[in-house]
Every structure is written in C-alpha cells, then in structure tokens.
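Engineer: return a 3D structure for these sequence lines:
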Amino acid sequence: MASSYPVIPAPWEIPVDFKITKSPFPFSPRHLTVYDSRGSLAYRVIDGGSSSTSPRRRVLTLFDASGATLITLVREEDEWKAFKGNANECKDVIFTAKSLSDSRFRSVIDVFLSGRNSGDSEPSFRMTGNPFSRYCTITKEDTVVAQTYLLYKLKKRIYSRRKFRLTVYPRNDHVLVLAMLVTFFITS
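Structural biologist: So this is what the prediction gives:
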C-alpha cells in the first residue's frame, strides 16, 4: 500500500457530508455502508466478528468503494487499535482508542495517534456523544473535526437510527475520521 496514514491535514477546504447506513443486526452481518453526497458508495465497514480463541477480541475492516482494505480495527478488552491495511503489527498502528466513560446517555473516547511521544497523556482527538442517538462530535483540542447526527425528515415522527449523517470539516482525513467513528458506533 503506497499511501501513508494518517493524512492530516487533508487538502479539502469545504465540509464534506456522508450518509451512513447501519445494517439491521439480527438479519445480516453487522456492517456500515457509507455513501458520499451524490449517493455513490464511498466506504464499507464489515464486522469480522469475535475470535473463537478470545471472545473479547473483535475485528472490523474498513474498505473503500473498490473493495481495497484501508484500515483494520481490532478490539481487545476495552481498547481499539487501528492498523494500516490488513496489517496487525505494532509498527502499523495508526491510532489507539480508549473509552473514558460509557453510559447509556453519553460516551467519551480518547484517541491517541501513533508516532507521538509515548509519555504524552493528552489525546490527539476526543469523541463525545450518544451512540444510541447516533450523535458524536470529534474534536482536536478545541476544534471540531467532524460531527454525526440522525437523518431527520420534515413531517416524519419516527426516525430510523440506522441512517445518520457524517460531516467532516475542512483539512481532516475522511478515512481517519470514519475509522474513529467505527470505534464509537459499531458496538451500539
């Protein structure tokens, strides 16, 4: 894989919207499908399930529209690690996500990019929101990087929690943001 992760800042100068659809879990494998603002497939996240040797280990894979693996996410215990492509070695870690608080109404997850000073206790990003309501704000210091919210329709009283919108603000890597969001939403 020729490209390097993460790419921060990215060259986009305007906010970019994506529509995310979560599959209904009891009827199909758990996954997310991401569409761009024109309705074209942009990314897909497939849940590889739990390992038979370690039920607390879970593997998810982020693919682009052509089916190429971009990032592999691995959950062990209470921590997510994101790896470049299909790799799973320490040298290929992009970020580590750790949950600070997890309640029914509010979750806070700190994201630490690899390659930083290991003694630095400040997170690179913080995700705050409510997975049940599909609301999440990703911040870097005091700057909003991305936000999600449910897709509302006028004159509709019941809203599907399976469809929500992601807005990525300028100069941020879409793939990195999406990988972080997966750690926030896929388990809910």
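Engineer: ok, the helix or strand bottoming out on mean pLDDT in the chain: who's next to it in the sheet?
Structural biologist: Sorting the helices and strands of the chain by mean pLDDT, DSSP states H and E puts strand 41-50 at the bottom, at a mean of 84. Using DSSP bridges, the strands paired with strand 41-50 are strand 31-35 (antiparallel), strand 58-64 (antiparallel).
Engineer: list the buried ones in that strand?
Structural biologist: Under the neighbour-count criterion of 16 or more other C-beta atoms under 10 Å, strand 41-50 has Ala42, Tyr43, Val45, Ile46, Asp47 buried. Bear in mind the C-beta positions are built from the backbone N, C-alpha and C, glycine included.
Engineer: how far away is the second one from Gly67?
Structural biologist: In this structure, Tyr43 and Gly67 are separated by 11 Å, where distance is defined by C-beta to C-beta, to the nearest Å.
Engineer: do the third one as well
Structural biologist: Distance of Val45 to Gly67, given as C-beta to C-beta: 13 Å.
Engineer: one step back: let me have the strands paired with strand 41-50 in JSON lines, adding distance to Leu113 and mean pLDDT as columns.
Structural biologist: What follows is the strands paired with strand 41-50, written out as JSON lines (distance: least, C-beta to C-beta, whole Å; pLDDT from 0 to 100):
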{"stretch": "strand 31-35", "distance to Leu113": "22", "mean pLDDT": "89"}
{"stretch": "strand 58-64", "distance to Leu113": "17", "mean pLDDT": "90"}
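Engineer: ok, which of these comes nearest Pro123?
Structural biologist: strand 58-64 (20.7 Å; C-beta to C-beta).
Engineer: residues making contact with that closest one?
Structural biologist: Contact with strand 58-64 is made by 42-51, 69-75, 86, 175, 178-179, 182, 186, as judged by C-beta atoms under 8 Å, 6 or more residues apart in numbering.
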